[in-house]
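S.K.: take a look and give me a structure for this.
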Amino acid sequence: MSTTAMRTPAKVQTLRANDIDTGDKAGGSQTHLARAVTLHLAGKREEALKQLQRAIAANEASAEIYRAMGHIQFELGNFDEAAKSYRILAQVKPQYAMGWFNLAVCLERAGVWEDAAQAFHRACTLDANYLDAHLGLGVCHLRQEDPKSALFSFNRCLELNPSHQEAMFGKAVALQSLAHPDEASEIYQKILERNPDSEESLSNLILIGMAKEDFDMVREYSEHLLELKPESTVALEGLASWACAAGEHALTAKFCTLLVNAVPGHFEGWFNLGLAYQKAGNHEKAAEIYSRAIRIQPQEAQLYVNLGISQQELGDWKQAREAYEQALKLQPNSPTAQWNLALVLEKQQELSEADAVYTKLLAGNPEWEDARFRIGYVRLQMGDYKGSAEAFESCLEKRKNWPEAQLNAGLAYWKMGDMKQARVAFEKILSMDPASVEALRGLAGIALQCGETTEALRLHHELIQKGHRTPELLYNTGLLLQKTEEHTEAARFYREALDASPEFPEALLNLGIALKALGEEEEARSHWRRALKAKPELANGYFE
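M.R.: Numbers count the residues shown, from 1 in each chain. Below is the predicted model:
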């Protein structure tokens, strides 16, 4: 079985959109503009905007009118309308860098990142030292997932002002996105020296720590961020990751619980909470949490795999099977789901179905050698001894020194009646491990079945010397001794078998035979009576 690692959905924190630049200080002489300014000063923005619209209706609009309209519309949060006004301004005054800048800010606020980037770029082209335009362009590049271009823009900002904190942060974000975590960390730490409470820098340092699996770093910055912002999902995720890495399952569950309490729809929080309970061995609680997570994200195949594992641990084979089958509907070639489903099918004695699932798993994942082994074992249970032997031989081609595969191959050959191949298999095990009790038992069984009394007796004695004194082995040793007419020794082994299993009917019967041969007929009859009482069918053939 297998389960999955902690999940962290938080994104790299990026810069906030720039505030609009009111820039141009040139005053207008038009009556409409003057009235609009007066109304704006009185806090009457809507009336001021209407006054400017009257100027347009009267064909008295100027660049100043459109700039004023854009400014008021931006203040009112009408970014689309403000963008229209600034776009007209840019057409009227195409060399006016601040007009392009303000158009870009409106587009940025509206989330139209490509158009915003073009407008910022135009402002930078018109005024190479326009720091805020370079900053805005860098932000747009980050939003467009172009960190390389963003880095160029932020570096230009820092050439103009080396201590500009937003540009420093933007550069760190770009470096982090470009997989330069150490350089990014250094910049975030410089920002924290000036502003110890920079939540964005702390958040990104946490993410860098998790990516590097530097959980001491994760814990340090997560605890700091949590002090500033107790509901911070990044901080709670960081502390959950740290606790998970430390094997502190109770702490992991604690932080994940805080996370889902703060954000009830936080899928990763529920997933990791279930994982924490699963790793702690609380499979009942884990199954409950995974079921809750499924309601949030029912198309996540790994959820059903983990749910199946917990249900399997609880012995609920039916529910485990349903979970794995659902996982395979969502992700048909999931090797973990296939493996665990096949194990459950074995447990349910659905052996042919288990064989089919293992075979499919192996076809897509030849490296899963254990699936090859399970195929052999399932076929052995089904009585497909030829198919079983072939599967185990295939295992041995991949890994020559695999005692379990060699042993089961021997058993399959034995069941097929191929004593020669079975003997070869068991002898190979002994060459790898001379103390192998299983191989000795196999060879002893073959010798016994083939009527090789002397060899069988030798192997039985060797097993007994190694401490393998099961009632069956002791009984068989007694039988072999009886065949060689060593009745006293045979009786001793029968008695020892009966000490371990007092109601062993065959041992009672044959002890009676040995005692009769030794002249102890009364005691022999006593053991025969006990044998018939324990197993009446032993009377069959008595009168033949």
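S.K.: what's the nearest residue to residue 461 if we skip its chain neighbours?
M.R.: Leaving aside its chain neighbours, residue 461 sits nearest to residue 477 (7.2 Å; criterion: C-beta to C-beta, 6 or more residues apart in numbering). Using the backbone N, CA and C atoms, a C-beta is placed for each residue, glycine as well.
S.K.: and that neighbour, what does it touch?
M.R.: By C-beta atoms under 8 Å, 6 or more residues apart in numbering, the residues touching residue 477 are 457, 460-461, 464, 493.
S.K.: for PyMOL, write the select line for the buried members of those.
M.R.: Buried residues within the contacts of residue 477, by 16 or more other C-beta atoms under 10 Å, are selected in PyMOL with:
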select buried, resi 457+460+464+493
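S.K.: ok, of the contacts of residue 477, which one's closest to residue 266?
M.R.: Nearest to residue 266 among the contacts of residue 477 is residue 464, at 63.2 Å by C-beta to C-beta.
S.K.: off-centre distance for the one helix or strand the residue nearest to residue 461 maps to?
M.R.: Counting by DSSP states H and E, the element that carries residue 477 is helix 471-483. Chain-centre distance of helix 471-483: 54 Å, with C-alpha atoms, centre = their mean, to the nearest Å.
S.K.: same question for stretch 211-228.
M.R.: Stretch 211-228 sits 22 Å away from the centroid of its parent chain (C-alpha atoms, centre = their mean).
S.K.: so which residues of this protein form strands?
M.R.: Assigned by DSSP state E, the strands in the chain number zero.
S.K.: pLDDT weak spots in it?
M.R.: When residues are selected by pLDDT under 70, those of the chain lie in 1-30, 541-544.
S.K.: kindly reformat the contacts of residue 477 as JSON lines containing distance to residue 276.
M.R.: Formatted as JSON lines, these follow (distance: C-beta to C-beta, whole Å):
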{"residue": "457", "distance to residue 276": "58"}
{"residue": "460", "distance to residue 276": "53"}
{"residue": "461", "distance to residue 276": "55"}
{"residue": "464", "distance to residue 276": "50"}
{"residue": "493", "distance to residue 276": "56"}
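S.K.: out of the contacts of residue 477, the closest to residue 237 would be?
M.R.: Out of the contacts of residue 477, the member with the shortest distance to residue 237 (by C-beta to C-beta) is residue 464, at 60.9 Å.
S.K.: wait, that closest one sits on residue 472?
M.R.: No: applying C-beta atoms under 8 Å, one finds residue 464 not in contact with residue 472, separated by 12.0 Å.
S.K.: residue 337 contacts residue 308, correct?
M.R.: Yes: with contact defined as C-beta under 8 Å, residue 337 reaches residue 308; the gap is 7.4 Å.
S.K.: the more surrounded of the two?
M.R.: With neighbours defined as other C-beta atoms under 10 Å, residue 337 and residue 308 compare such that residue 308 has more, 30 against 27.
S.K.: which ones are touching that one?
M.R.: 319-321, 323-324, 327, 337, 340-341, 344.
S.K.: and for residue 93?
M.R.: With C-beta under 8 Å, 6+ apart, residue 93 has these contacts: 63, 99.
S.K.: now stretch 57-77 - C-alpha only, PDB.
M.R.: Presented in PDB, the C-alpha positions along stretch 57-77 are these (Å, rounded to 0.1, in the frame of the first residue of the first chain):
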ATOM      1  CA  ALA A  57     -21.200  66.100 -25.600                       C
ATOM      2  CA  ALA A  58     -20.600  69.700 -26.500                       C
ATOM      3  CA  ASN A  59     -17.500  68.800 -28.600                       C
ATOM      4  CA  GLU A  60     -15.400  70.700 -26.200                       C
ATOM      5  CA  ALA A  61     -13.300  67.800 -25.100                       C
ATOM      6  CA  SER A  62      -9.500  68.100 -24.800                       C
ATOM      7  CA  ALA A  63      -6.700  65.800 -23.600                       C
ATOM      8  CA  GLU A  64      -7.100  67.400 -20.200                       C
ATOM      9  CA  ILE A  65     -10.800  66.500 -20.100                       C
ATOM     10  CA  TYR A  66     -10.100  62.800 -20.900                       C
ATOM     11  CA  ARG A  67      -7.300  62.700 -18.300                       C
ATOM     12  CA  ALA A  68      -9.600  64.100 -15.700                       C
ATOM     13  CA  MET A  69     -12.400  61.600 -16.700                       C
ATOM     14  CA  GLY A  70      -9.900  58.700 -16.400                       C
ATOM     15  CA  HIS A  71      -8.800  59.900 -13.000                       C
ATOM     16  CA  ILE A  72     -12.300  60.200 -11.600                       C
ATOM     17  CA  GLN A  73     -13.500  56.900 -13.100                       C
ATOM     18  CA  PHE A  74     -10.400  55.200 -11.600                       C
ATOM     19  CA  GLU A  75     -11.300  56.600  -8.200                       C
ATOM     20  CA  LEU A  76     -14.800  55.300  -8.500                       C
ATOM     21  CA  GLY A  77     -13.500  51.800  -9.400                       C
END
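S.K.: how about the helix holding residue 477: buried residues?
M.R.: Across helix 471-483, burial judged by 16+ other C-beta under 10 Å covers 471, 473-482.
S.K.: same deal with stretch 489-502?
M.R.: Neighbour-count burial for stretch 489-502, counted by 16+ other C-beta under 10 Å, picks out 490-494, 496-498.
S.K.: list just the nearest of these to residue 130.
M.R.: Nearest member of the buried residues of stretch 489-502 to residue 130, counting by C-beta to C-beta, is residue 497, at 98.6 Å.
S.K.: what distance do you get for the closest residue to that closest one other than its chain neighbours to residue 238?
M.R.: Nearest residue to residue 497, sequence neighbours excluded (C-beta to C-beta, 6+ apart): residue 474, at 3.9 Å. Look at residue 474 and residue 238: by C-beta to C-beta, to the nearest Å, they are 63 Å apart.
S.K.: quick revisit: any common contacting residues for residue 337 and residue 308?
M.R.: Taking C-beta under 8 Å, 6+ apart as the criterion, residue 337 and residue 308 both touch 324, 327.
S.K.: what's around the nearest residue to residue 312 once chain neighbours are set aside, how many residues?
M.R.: Among residues not flanking residue 312 along the chain, residue 320 sits closest, at 4.1 Å (C-beta to C-beta, 6+ apart). By other C-beta under 10 Å, the residues close to residue 320 number 26.
S.K.: quick one, what contacts residue 320?
M.R.: Residue 320 makes contact with 308-309, 311-312, 340, 344, according to C-beta under 8 Å, 6+ apart.
S.K.: so which of those residues wins on neighbours?
M.R.: Neighbour counts for those (other C-beta under 10 Å) peak at residue 308, which has 30 neighbours.
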